[in-house]
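# Structural data only, the sequence is not supplied:
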């Protein structure tokens, strides 16, 4: 379902955020998993409150707009859904790590795979699933 109640996001800013997710997860797997809660916080703010309320998104957007590389505008609904999944996966990975469970690498690896597909190929798996869901199960008209 397209979201017109919140401002759209710039495509390249969203791709850069996916690269940040990829980089933080890679650094986490290389020995610094203490950074995973930062991803959970970013996913929480962008996914549940909107990209325009996330300080990092606002910074990236301002810098990339000033440089003229922000890209075209995209509807934020699917990107918010993707960030909700980021919040869940990063939260699960953080909880597993801080409780000493070695399976924290599973959601972290999944985030690496899906975020790399987003920033390298502009394919957002969560956005695709979001669009497919509303194609199969359209919202009822009021």
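Received the coordinates, thanks. Everything quoted here is computed from the prediction, not taken from an experiment.

# what helix or strand does the residue lying closest to residue 123 once chain neighbours are set aside sit in?
Excluding the flanking residues, the one nearest residue 123 by CB to CB, 6 or more residues apart in numbering is residue 117, at 4.8 Å. Every residue, glycine included, has its C-beta placed from N, CA and C. Taking DSSP states H and E as the definition, one finds residue 117 inside helix 105-121.

# if you average pLDDT over the following helix or strand past that helix, what comes out?
Going down the chain from helix 105-121, the next helix or strand is helix 125-136, by DSSP H and E. Averaged across helix 125-136, the pLDDT comes to 88.

# For the helix or strand bottoming out on mean pLDDT in the chain, what is the distance to the chain centroid?
Every helix and strand in the chain was compared by mean pLDDT, DSSP states H and E; the lowest is helix 125-136, with a mean of 88. Centroid separation between helix 125-136 and its chain, computed with CA atoms, centre = their mean, to the nearest Å, is 15 Å.

# how about the nearest residue to residue 103, chain neighbours excluded?
residue 96 is the one closest to residue 103 (CB to CB, 6+ apart), at 5.4 Å.

# The helix or strand harbouring the one you found to helix 105-121, inter-axis angle?
Residue 96 is part of helix 76-98, with elements assigned from DSSP H and E. Here helix 76-98 points in a direction 150 degrees away from that of helix 105-121 (axes from the mean of the first three to the mean of the last three CA atoms, to 10 degrees).
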